[in-house]
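Peer 1: Quick one, fold the following:
(chains A and B)
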Amino acid sequence: MDTAVEVERGGINLKPSGRMPDGDVALAPIEAGKTVGNIEVEDPIFRCRDVDVYYGAKHAIKKVGIDVGKSQVLAMIGPSGCGKSTFLRCLNRMNDTIEGARVEGSILLDGKDIHDKKQDVVQLRARVGMVFQKPNPFPKSIYENVAYGPRIHGLAADRVELDEIVHSSLQRAGLWEEVKDRLQHPGTSLSGGQQQRLCIARTIAVNPEVILMDEPCSALDPIATARIEDLMEELRQSCAIVIVTHSMQQAARVSQRTAYFHLGDLIEVGETDRIFTNPRHKLTEDYITGRFG
Amino acid sequence: MSKPRLTPKETQAIVERSIRRRYWAERRFRAYGFAAVTAGMAFLVYLFVVIFSNGLGAFRQTQVQLDIYYDPAVIDPAGTRKPDDLQAGDYQALVRSALKARFPEVEGRAASRELTRLVSGSASFALQKRITADPSLIGTRETRWVLAGDAVDLFMKGQVDRALPEAERPLSDLQIGWLDKLKAENALELRFNKTFMTNGDSREPENAGIWGAVAGSFYTLVLTLLLSFPIGVAAAIYLEEFARKNRWTDIIEVNINNLAAVPSIVFGLLGLAVFIGFFGLPRSAPLVGAMVLTLLTLPTIIIASRAALKAVPPSIREAALGMGASKIQMVMHHVLPLAMPGMLTGTIIGMARALGESAPLLMIGMVAFIVDIPKGITDPSTVLPVQVYLWSDSPERGFVEKTSGAIIVLLAFLVVMNTTAVILRKRFERRW
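Peer 2: Purely as a prediction, here's the structure:
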């Protein structure tokens, strides 16, 4: 399918020969895999090249290539349905669980293909944790929520070690002071922001190398959002974070690099400061200046 | 063709008119609902009143007090006191002489026979059992309550009309006279019917008991539960969580839904052909009954379990998978506990149906006349609904109240079963 047509159908009046931005890149019809900006970083944790995702006949992600650097936050922005969540779910193979979903291309985690036959998906997900849009604590106690990962992966030899993991995870997630007296209360009794921090605590309890966050603050109020953003800055010290967000302010606040997706294409990648001050692609500029999206 | 724009006032007037109509529709709907519930309750109350008024009598039974002399000359003429010899004694004669002692004025064979008929034929067996258990009683006297005959029982429950001509009632004038005398002497009483609660089936109404059917129903249902719940839940989990969605699973799903609507007698024929005919399992056994009822309840349990699994929010599955849980861990740790209440509901419905089912069991021989209480899953037995059917079909008057009594026991069984299941479900139903 011709991409330009699809763009017009998307409601954006984009002429292939639109106005040239001030930068050096011409606004040509979007061509799959032609991303503006530097998709590479040195010593990446994830290196994705030519990733295509199909949901049945629908081509949801087209030839996306991007690196995820260690100890940094990569923000993925773009209008609804642009494929940023789909791409995020490729990174820990959560798309495997969707009937009819097909992922092509190479995604290397620490140089090893995550679609390799030898790569166990359980192990992958232990290395690449995920925080979802809606807080989804298990319908169990706070303690059990955090202890679940270490328990199924056998990270704690005894109860004392498990207690220690639960304690430190809740501490790192900034939740310990609020819940230390009620660890046996149900996780769902917490407020929305606390639940989301509980989900983060649950994720970091298995020491992941990467945490994927799919709009983690969209259901939260500004104060809870601020706490989670602070938390991301701390977590960045020990692991990479990939966050999908609808809030450009959030992307600007928390991330070091930003990727702009549009209708399944990765349009532009770059340092967050540069993207927000000097976008090179017309679509990126239109999006971040609020002309659509 | 556009209508002129309405002014706000005109719009208000239209809305007001429609509001009245809406409220009227709501009131009408409520009235329908109320009428339906009331009618349902009325039928239920009527059913209970009829069953209990007919059936409560079955739990009480007429007994006659007799002064019995355990005559060594009659019981054990040889004087050996050996169990075999004691069994052979003429205990009927003990009953006869005790009756004779009470009514010394009775003369002649015909009158004597009428007198003997006041007491159930099983009274002598009760005496025999007592003597075999304790031979030292021989030669002593004892005042005992023995079972009255079924006509006497009907008389005591007011079901014998004295006004009828003698030939048309089960008791003669002479017998009624004796009974009145016994009653006046407090030697004729309605007492708790232990026989009904402990005996198996019998041709004589006064000896017929429900316990054989209760035991048969118990074995059958426990086995049905043990077979159908794990198989049904496992099938539902496999179909819902693991199987690929393709044409084969579609076909399976359609067929499961169809099986739920297959007449139960067909399952009975299948059980007869396959379990008894092909595999050679015993007839009339709870084992085969349970296997047939399992086939019958499986579709219900599978459908309910699949619905319960579908109702578990996907966020819980994603959370578990995102933590690195394998699929089976996800199901066992998170999905199954949340789906359990729904699965139990389906199981209750299925088991309630299995408890009340009689048609397929007729096919596999559970309709046979069985006196012994089943002691295991391969002993011949019957079940409560089939017992109800058997008794309702019996000619003796005494079986009328037995039938209702059996229905009461069946309902009690159902209530106990459902209560247990509801309590279990409440336990699982921890909403966080």
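Peer 1: helices or strands next to the biggest helix by length in chain B in the packing?
Peer 2: Selection of the longest helix in chain B by residue count, based on DSSP state H, yields helix B:8-55. Where contact means 3 or more CB pairs under 8 Å, 6 or more residues apart in numbering or on different chains; DSSP states H and E, helix B:8-55 is packed against helix B:399-428. (C-beta placed from N, C-alpha, C; glycine too.)
Peer 1: which parts of the least confident helix or strand in chain B by mean pLDDT are buried?
Peer 2: None of the helices or strands of chain B scores lower by mean pLDDT, DSSP states H and E than helix B:83-87, at a mean of 80. Within helix B:83-87, the residues scored as buried using 16 or more other CB atoms under 10 Å in any protein chain shown are B:Leu86.
Peer 1: can I get the CA coordinates of the following helix or strand past that helix in PDB?
Peer 2: From helix B:83-87 onward toward the C-terminus, using DSSP states H and E, the following helix or strand is helix B:91-102. Coordinates of the C-alpha atoms in helix B:91-102 are reproduced here as PDB (Å, rounded to 0.1, in the frame of the first residue of the first chain):
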ATOM      1  CA  TYR B  91     -39.700 -66.700  64.800                       C
ATOM      2  CA  GLN B  92     -43.100 -66.200  63.100                       C
ATOM      3  CA  ALA B  93     -44.500 -68.400  65.800                       C
ATOM      4  CA  LEU B  94     -43.100 -66.200  68.500                       C
ATOM      5  CA  VAL B  95     -45.000 -63.200  67.100                       C
ATOM      6  CA  ARG B  96     -48.100 -65.400  66.700                       C
ATOM      7  CA  SER B  97     -48.100 -66.500  70.300                       C
ATOM      8  CA  ALA B  98     -47.400 -63.000  71.600                       C
ATOM      9  CA  LEU B  99     -50.400 -61.800  69.700                       C
ATOM     10  CA  LYS B 100     -52.500 -64.700  70.900                       C
ATOM     11  CA  ALA B 101     -51.400 -63.900  74.500                       C
ATOM     12  CA  ARG B 102     -52.700 -60.400  74.000                       C
END
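Peer 1: how distant is helix B:91-102 from the center of its chain?
Peer 2: Centroid separation for helix B:91-102 versus its chain: 38 Å, with CA atoms, centre = their mean, to the nearest Å.
Peer 1: helices and strands around it, which ones?
Peer 2: Against helix B:91-102 (3+ CB pairs under 8 Å, 6+ apart) you get strand B:60-69, helix B:72-75, helix B:109-116, helix B:123-133.
Peer 1: and chain A, which of the ones you listed is closest to it?
Peer 2: Closest approach to chain A among the helices and strands packed on helix B:91-102 is made by strand B:60-69 (52.0 Å; CB to the nearest CB).
Peer 1: Quick check: neighbours of that closest one in the sheet, parallel or antiparallel?
Peer 2: Using DSSP bridges, strand B:60-69 pairs in its sheet with strand B:141-147 (antiparallel), strand B:188-192 (antiparallel).
Peer 1: circling back to that earlier point, how far is the longest helix of chain B from where the chain is centred?
Peer 2: That offset, for helix B:8-55, works out to 35 Å (CA atoms, centre = their mean).
Peer 1: Could you chop chain B up by domain?
Peer 2: Residue ranges for the domains of chain B, per automatic domain parsing: B:8-56, B:59-206, B:211-428.
Peer 1: Next one: the longest one, is it in contact with chain A?
Peer 2: Yes: using CB under 8 Å from any CB of the partner chain, domain B:211-428 comes into contact with chain A via B:244-245, B:313, B:315-326, B:329, B:333-334, B:337-338.
Peer 1: And those, which of them are buried?
Peer 2: Neighbour counting by 16+ other CB under 10 Å classes B:316-325, B:329, B:333-334, B:337-338 among the residues of domain B:211-428 next to chain A as buried.
Peer 1: wait, A:Asp43 sits on A:Gly69?
Peer 2: Yes: between A:Asp43 and A:Gly69 there is a contact under CB atoms under 8 Å: 7.4 Å.
Peer 1: Between the two, which is the more surrounded one?
Peer 2: Shown here are A:Asp43 and A:Gly69; by other CB atoms under 10 Å in any protein chain shown, A:Gly69 has more neighbours (17 against 9).
Peer 1: if I look at that one, how far off is chain B?
Peer 2: 22 Å (CB to the nearest CB, to the nearest Å).
Peer 1: Leaving aside the residues adjacent along the chain, what's closest to that residue?
Peer 2: Excluding the flanking residues, the one nearest A:Gly69 by CB to CB, 6 or more residues apart in numbering or on different chains is A:Val41, at 4.0 Å.
Peer 1: Pretty sure the one you found sits in a helix.
Peer 2: No: read with DSSP: H, G, I helix; E, B strand; the rest coil, A:Val41 is coil and lies in no helix.
Peer 1: Would you confirm that it contacts A:Arg257?
Peer 2: Yes: counting by CB under 8 Å, A:Arg257 is a contact partner of A:Val41 at 7.5 Å.
Peer 1: Which residue of those two possesses the greater neighbour count?
Peer 2: Each of A:Val41 and A:Arg257 has its neighbours counted (other CB under 10 Å); A:Arg257 has more, 26 against 19.
Peer 1: Would you mind giving the secondary structure of the nearest residue to that one once chain neighbours are set aside?
Peer 2: Once flanking residues are discounted, A:Arg257 sits nearest to A:Leu74: 4.9 Å by CB to CB, 6+ apart. Secondary structure, three-state DSSP: A:Leu74 is strand.
Peer 1: wait, isn't A:Met213 in contact with A:Val244?
Peer 2: Yes: counting by CB under 8 Å, A:Met213 touches A:Val244, with 6.9 Å between them.
Peer 1: how many neighbours does B:Ile19 have?
Peer 2: Counted with other CB under 10 Å, the neighbours of B:Ile19 add up to 10.
Peer 1: could you list every residue that touches the residue in the stretch 151-293 of chain A positioned nearest to chain B?
Peer 2: Nearest residue of the stretch 151-293 of chain A to chain B: A:Pro186, at 3.9 Å (CB to the nearest CB). A:Pro186 sits next to A:139-142, B:432 when contact means CB atoms under 8 Å, 6 or more residues apart in numbering or on different chains.
Peer 1: Can you name the two of the residues you listed that sit furthest apart?
Peer 2: Spanning the widest gap among these are A:Pro139 and A:Ile142, at 11.7 Å by CB to CB.
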